[in-house]
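the following comprises the amino acid sequence and a computationally predicted model.
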Amino acid sequence: MKNRIISNYLMREIASIFLLALSIFTLVLLMGRLVKLMEMVVANGVSPADVVRLIGYLLPSFLVLTIPMALLLAVLLAFGRLSADNEITVMKSSGLSLVALLPPVLVCSVVAGLMTLFVSLVAVPWGNTGFKQFTMELARKYSASAIQDRIFRDDLPGMVMYVEHYDEHSHQMQRVMIQDERDPSRPLTIFARNGIISSDEATGTMRILLRNGSIHIMDSKGGGYRVVAFGDYLLTIDMGKTGALVRTELDLGVGELLQIARNPQAPLPARNKALAELHSRFAFPAAALVFGLLALPLGISNRRSGKGAGFTASILVLLVYYVLLSFLRTVAEKGSLPPGLALWLPNLLFFAVGLGLFVLAVQERSVRDLVMPRRRGHR
């Protein structure tokens, strides 16, 4: 009964900090993307509902990182507070050892690991693919409203457009210049006094009706040059050809990654990337278990340093872990190390460190005792 009460108390303590840390870490990572998303709202007229949908697609790629990060900070701060308030000492005095405090930490770690596993295997490929598809839909939908005064627009397929003045409400353009290189052998430079632009969301096409202008034609094969004046000239641009959806290993499911990794006809770099991504899908969830074991002795050792030291320790651990993981993943993709070894090596190293620190904490010893052992009988 006593162990159950203490376990529930510890899990509530960890869970409350975990939810707060998860929100903060995710928001911090999202801030970098929010700036670009807000630019889409201001410059292209993208609706807030579409921005919220884009954020929903982005969240899984952040959560796969922030869930283990939040667990590490939650366990570290929870046990740091318990140690600073001498609650750990009281528990030991009542006959409980640190081994008895490990099960609630393992339960929280397993829950966080399962959450990360679901996000990694299911939500990340869905989010990455959905983000790319929806971005292409928005490019077609808001293609006509992405024009800005005196700014060269180069996101049109094979074209660059410059407009001196653009009316967002009537879509009227004044003093237009278009460089059309869709046919490399016959590039066109078009000047027009005014024009109007419109887009068809159903077909994904954009129409530009130019008035009172001239077309400068350069024949690269024959070397000829012609100028053709026009009253009205209609340009039709298929925005669906801005580029097909390119799926990388980050967008693929486990089955697709296995298919690439086991395909002997696939290039070796592609197989290495697929294997590295496949192992990372399981290594990130396992990191939650490793961080839980590592954070417990670190939190107890920070009893006099306060929450600031606990936060600093968690940031240092995360920094070392993810820098090491990124380095080893690059090495694995280049073929210098087997992807399985490279992606799991950080977990193995941090697990060994965490286990060693936990054993020392159970024995009420520190790393300093190993480096500088006490001499008995020495005054």
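Arrived safely.

ranges for the strands of the stretch 201-350 of the chain?
Using DSSP state E, counting those that start in this stretch, the strands assigned to the stretch 201-350 of the chain run over residues 205-218, 225-238.

figure out which of these is closest to residue 315.
Closest approach to residue 315 among the strands of the stretch 201-350 of the chain is made by strand 205-218 (47.3 Å; Cβ to Cβ). The way it works is simple: take the backbone N, C-alpha and C, and place the C-beta from them, glycine included.

ok so, going back, most tightly packed of the strands of the stretch 201-350 of the chain?
strand 205-218 (a mean of 17; mean count of other Cβ atoms under 10 Å).

need the CA coordinates for that strand. PDB is fine.
C-alpha atoms of strand 205-218 as PDB (Å, rounded to 0.1, in the frame of the first residue of the first chain):
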ATOM      1  CA  THR A 205      -4.100  26.600 -63.800                       C
ATOM      2  CA  MET A 206      -3.200  30.300 -63.700                       C
ATOM      3  CA  ARG A 207      -4.200  32.700 -66.500                       C
ATOM      4  CA  ILE A 208      -2.500  35.900 -67.200                       C
ATOM      5  CA  LEU A 209      -4.200  38.200 -69.700                       C
ATOM      6  CA  LEU A 210      -1.700  40.900 -70.900                       C
ATOM      7  CA  ARG A 211      -2.700  44.000 -72.800                       C
ATOM      8  CA  ASN A 212      -0.900  46.600 -74.900                       C
ATOM      9  CA  GLY A 213       2.600  45.100 -75.000                       C
ATOM     10  CA  SER A 214       5.300  43.400 -77.000                       C
ATOM     11  CA  ILE A 215       7.000  40.000 -77.200                       C
ATOM     12  CA  HIS A 216      10.800  39.900 -77.700                       C
ATOM     13  CA  ILE A 217      11.700  36.500 -79.200                       C
ATOM     14  CA  MET A 218      15.300  35.200 -79.300                       C
END
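
which SSE is residue 174 in?
In the assignment (DSSP states H and E), residue 174 maps to strand 172-180.

so where do the helices sit in the stretch 201-350 of the chain?
Shown for the stretch 201-350 of the chain, the helices assigned by DSSP state H, counting those that start in this stretch span residues 254-261, 268-301, 306-333, 339-362.

what's the mean pLDDT across the shortest one?
I take that to be helix 254-261. Summarised as a single mean, pLDDT over helix 254-261 is 88.

report all helices and strands that it contacts.
Judged by 3 or more Cβ pairs under 8 Å, 6 or more residues apart in numbering; DSSP states H and E, helix 254-261 is in contact with helix 268-301.

quick check: mean pLDDT of the helix it packs on?
Across helix 268-301, the average pLDDT comes to 89.

got it, and stretch 232-242?
Averaging pLDDT along stretch 232-242 yields 72.

equivalent analysis for stretch 46-57, please.
Averaging pLDDT along stretch 46-57 yields 84.

measure the residue nearest to residue 293 when sequence neighbours are not counted to residue 15 for me?
Distance criterion Cβ to Cβ, 6 or more residues apart in numbering; nearest residue to residue 293, sequence neighbours excluded, is residue 354 at 4.0 Å. Distance from residue 354 to residue 15, counting by Cβ to Cβ, to the nearest Å: 21 Å.

ok, those two, which is more surrounded?
Higher neighbour count among residue 354 and residue 15: residue 354, with 21 against 15, using other Cβ atoms under 10 Å.

residue 324 versus the more buried one, what's the distance?
15 Å.

again, but for residue 107
From residue 107 to residue 324 the distance is 27 Å (Cβ to Cβ).

how far off centre is stretch 150-167?
Centroid separation between stretch 150-167 and its chain, computed with Cα atoms, centre = their mean, to the nearest Å, is 31 Å.

can you put the strands of the stretch 201-350 of the chain in TSV and add distance to residue 172?
Converted to TSV, these look like this (distance: least, Cβ to Cβ, whole Å):
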stretch	distance to residue 172
strand 205-218	10
strand 225-238	14
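
buried residues, stretch 151-169. List them.
Buried residues in stretch 151-169, defined by neighbour count with 16 or more other Cβ atoms under 10 Å: 156, 159, 161, 162, 163, 166.

for these, name the two members farthest from one another.
159 and 166 (16.0 Å).

hang on, the earlier thing: show me the buried residues of stretch 151-169 that map onto strands.
156, 159, 161, 162, 163, 166 (DSSP state E).

between those, which is closest to residue 4?
residue 156 (65.6 Å).

wait, the closest one sits on residue 238?
No - checked against Cβ atoms under 8 Å, the pair residue 156 and residue 238 is beyond contact range at 10.3 Å.

follow-up on the earlier one: to residue 111, which of the helices of the stretch 201-350 of the chain lies closest?
Comparing the helices of the stretch 201-350 of the chain under Cβ to Cβ, the one sitting nearest is helix 268-301, at 8.6 Å.

report the buried residues of that closest one.
Buried-residue list, helix 268-301, by 16+ other Cβ under 10 Å: 271-301.

next, the angle from that helix to helix 306-333.
160 degrees (axes from the mean of the first three to the mean of the last three Cα atoms, to 10 degrees).

mind showing which ranges of the protein have poor pLDDT?
1-2, 39-45, 139-146, 155, 200-204, 220-223, 239-246, 302-310, 365-379 (pLDDT under 70).

care to break it down by domain?
2-139+248-371, 158-241 (automatic domain parsing).

most tightly packed of the ones you listed?
The most buried one of these (mean count of other Cβ under 10 Å) is domain 2-139+248-371, showing a mean of 17.

return the distance of it from the chain's centre.
Centre to centre, stretch against its chain (Cα atoms, centre = their mean), the figure for domain 2-139+248-371 is 13 Å.

OK, contacts around the nearest residue to residue 278 once chain neighbours are set aside?
Distance criterion Cβ to Cβ, 6+ apart; nearest residue to residue 278, sequence neighbours excluded, is residue 257 at 4.4 Å. Contact analysis of residue 257 by Cβ atoms under 8 Å, 6 or more residues apart in numbering lists 249, 274, 275, 277, 278, 281.
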